[in-house]
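J.: Mind folding the following:
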Amino acid sequence: MALGPLGRILAQGVLLGVSILARALPAAYGAALANARKSGADKAASEAARQGASFLGKARISKEEALQVLNLSEGEATAEAVQRQYERYFEANRVERGGSFYLQSKVYRAKELLDEYVKEKNAEGTKGDMRK
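T.: Residues are numbered from 1 along each chain as shown. The predicted structure is shown next:
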């Protein structure tokens, strides 16, 4: 089954285009990485990732927002208070009862962040007690 001269020319053109792209794309990617390293963009991206930003650029919830979500002040933020408020608001926003999955996830993320904050606060208090 012969393609004929036109089919053969088209096939050669497609193969030529694919081979050009196969060589050009890795070279372009390497050049982009080199430019990012020169401009410091790779350091900025890794710093953003360290602070909690995802590949979409959305940062984690802030401590202030987490305190607002769980209706706590910074002084009231103890492990027990965070757990109590979490249970209260998580249960109030259950999807099965007509609640909001979005609000439920906000409550969960707020608890997650405040648990870390309370651990750090307790660790700093322990270090301060050891130095005395």
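
J.: what about Ser73, which SS state?
T.: coil (DSSP: H, G, I helix; E, B strand; the rest coil).

J.: measure Val107 to Gly7 for me?
T.: To Gly7, Val107 is 63 Å away according to Cβ to Cβ, to the nearest Å. For every residue, glycine as well, the C-beta is placed using N, CA and C.

J.: Which one of the two is surrounded by more residues?
T.: Val107 (23 against 10; other Cβ atoms under 10 Å).

J.: pretty sure that one is touching Gln68, no?
T.: No. Using Cβ atoms under 8 Å, Val107 is not in contact with Gln68, being 11.3 Å away.

J.: Look up how far Arg97 lies from Gly30.
T.: Taken as Cβ to Cβ, the span from Gly30 to Arg97 is 54 Å.

J.: ok, now Glu65?
T.: According to Cβ to Cβ, Glu65 and Arg97 sit 25 Å apart.

J.: Any idea how far the helix or strand hosting Gly13 is from the middle of the chain?
T.: Per DSSP states H and E: Gly13 is located in helix 4-39. Relative to its parent chain, helix 4-39 has a centroid offset of 32 Å by Cα atoms, centre = their mean, to the nearest Å.

J.: One more: stretch 108-121?
T.: How far stretch 108-121 lies from its chain's middle: 17 Å, per Cα atoms, centre = their mean.

J.: Dump stretch 10-27 to PDB, keeping only the CA atoms.
T.: What follows is stretch 10-27, C-alpha atoms only, in PDB (Å, rounded to 0.1, in the frame of the first residue of the first chain):
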ATOM      1  CA  LEU A  10       4.300  14.900   4.300                       C
ATOM      2  CA  ALA A  11       5.700  12.100   6.500                       C
ATOM      3  CA  GLN A  12       9.200  13.400   6.000                       C
ATOM      4  CA  GLY A  13       8.100  16.900   7.000                       C
ATOM      5  CA  VAL A  14       6.400  15.600  10.100                       C
ATOM      6  CA  LEU A  15       9.500  13.600  11.100                       C
ATOM      7  CA  LEU A  16      11.700  16.700  10.500                       C
ATOM      8  CA  GLY A  17       9.500  18.800  12.700                       C
ATOM      9  CA  VAL A  18       9.500  16.200  15.500                       C
ATOM     10  CA  SER A  19      13.300  15.800  15.400                       C
ATOM     11  CA  ILE A  20      13.700  19.600  15.500                       C
ATOM     12  CA  LEU A  21      11.400  19.900  18.600                       C
ATOM     13  CA  ALA A  22      13.100  16.900  20.200                       C
ATOM     14  CA  ARG A  23      16.400  18.800  20.100                       C
ATOM     15  CA  ALA A  24      15.000  22.300  20.700                       C
ATOM     16  CA  LEU A  25      12.800  21.800  23.800                       C
ATOM     17  CA  PRO A  26      15.500  20.300  26.100                       C
ATOM     18  CA  ALA A  27      17.900  23.100  25.000                       C
END
